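Enquirer: Have a look at this prediction, sequence included:
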Amino acid sequence: MKASSPIQLSLPVYLPDDETFGSYYPAANQQLLEAIRQVAEGEGETVTYLWGQAKSGRTHLLHAACAHARELNRQAFYLPLGIHASMSPAVLEGLENLSLVCLDDIDQLARNPFWEEAIFDLYNRINEQGDCRLIVSGSAPASQAGFLLPDLVSRLNWGVHYQVQSLSDEEKLTALQRRAKARGLELPEDVGRFLLTRLARDLRTLFDVLDRLDKASMRAQRRLTIPFVKETLHL
């Protein structure tokens, strides 16, 4: 695990090592993937807003953007706003001086006037600063997120917007097999299809289960088969 930013921040936020652009299976999101890569490199729009259902891959893209920016020696900061209740809005102070700021699940702070005002102020500072890039994710378009502050909705509508497209079951199977291969693990097609029929179909759950199966397979020195998966997952 790696710290979320090269600057000193007293936040328990970390980026998983395996959530990079290379491990992201884009399917219908290829244009979005390339846009986020450009933003991480300091190109493109100042503000990028992406939205999609929970566990659709939004967080993976933000993690990947920060990892890519750091590889280019650019200072990047990732903040999951789902934990905003445990923080002060003061954490946003000075972020406009970084190269990249990624705010995840921004709709989680909707109807919190203190946080909404703080995000609004950050947008203005980033716009004035000029060199910082901002990526924001939410579960819905800004106009449907329930914000109290109209000016914040206006700022969120700046820049470019993308909807993260959900993967079909066939695409999820491909994503699972690619993920397994990257870990040096063979995921037979019948085992992958079994997982898709017996588990929640979001990639976050499927990848977490694959990680669990990988560790169990290494301990037991066994290949991934349907009987082994049933035994390991108690299905």
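Expert: That came through fine.
Enquirer: Which pLDDT value does the model give the residue sitting nearest the centre point of the chain?
Expert: With distances taken as Cα atoms, centre = their mean, the residue of the chain nearest its centroid is residue 59 (1.2 Å). You'll see residue 59 listed with a pLDDT of 93.
Enquirer: what's the distance between it and residue 210?
Expert: 17 Å (Cβ to Cβ, to the nearest Å). The C-beta positions use only the backbone N, C-alpha and C, and glycine is treated the same way.
Enquirer: again with residue 41
Expert: Taking Cβ to Cβ, one finds residue 41 at 30 Å from residue 210.
Enquirer: Between these two, point out the one with more neighbours.
Expert: residue 210 (22 against 17; other Cβ atoms under 10 Å).
Enquirer: mind checking how far the helix or strand hosting the more buried one is from the chain centre?
Expert: Assigned by DSSP states H and E, residue 210 belongs to helix 203-220. Put simply, helix 203-220 sits 20 Å off its chain's centre (Cα atoms, centre = their mean, to the nearest Å).
Enquirer: Check which residues of it are buried.
Expert: 203, 206-207, 209-211, 213-214, 216-217 (16 or more other Cβ atoms under 10 Å).
Enquirer: Average pLDDT for that helix, rounded please.
Expert: pLDDT averaged over helix 203-220 gives 93.
Enquirer: do the same with stretch 91-102
Expert: Stretch 91-102 comes out at a mean pLDDT of 95.
Enquirer: which outside residues touch it?
Expert: Stretch 91-102 is touched from outside by 5, 7, 9, 11, 39-40, 42, 62, 65-66, 69, 74-79, 118-119, 121-122, 125-126, 128-129, 131-137, with contacts defined as Cβ atoms under 8 Å, 6 or more residues apart in numbering.
Enquirer: what's the distance between it and the middle of its chain?
Expert: That offset, for stretch 91-102, works out to 17 Å (Cα atoms, centre = their mean).
Enquirer: distance between the ends of that stretch?
Expert: 13 Å (Cα to Cα, to the nearest Å).
Enquirer: in that stretch, what's buried?
Expert: Within stretch 91-102, judged by 16+ other Cβ under 10 Å, the buried ones are 91-92, 95-96, 98-102.
Enquirer: Tell me which two in these are the farthest apart.
Expert: Comparing all pairs in those by Cβ to Cβ, the longest separation belongs to 91 and 99, at 17.6 Å.
Enquirer: quick revisit: for the residue nearest to the centre of the chain, which non-adjacent residue is closest in space?
Expert: Spatial nearest neighbour of residue 59, excluding adjacent residues (Cβ to Cβ, 6 or more residues apart in numbering): residue 104 at 5.6 Å.
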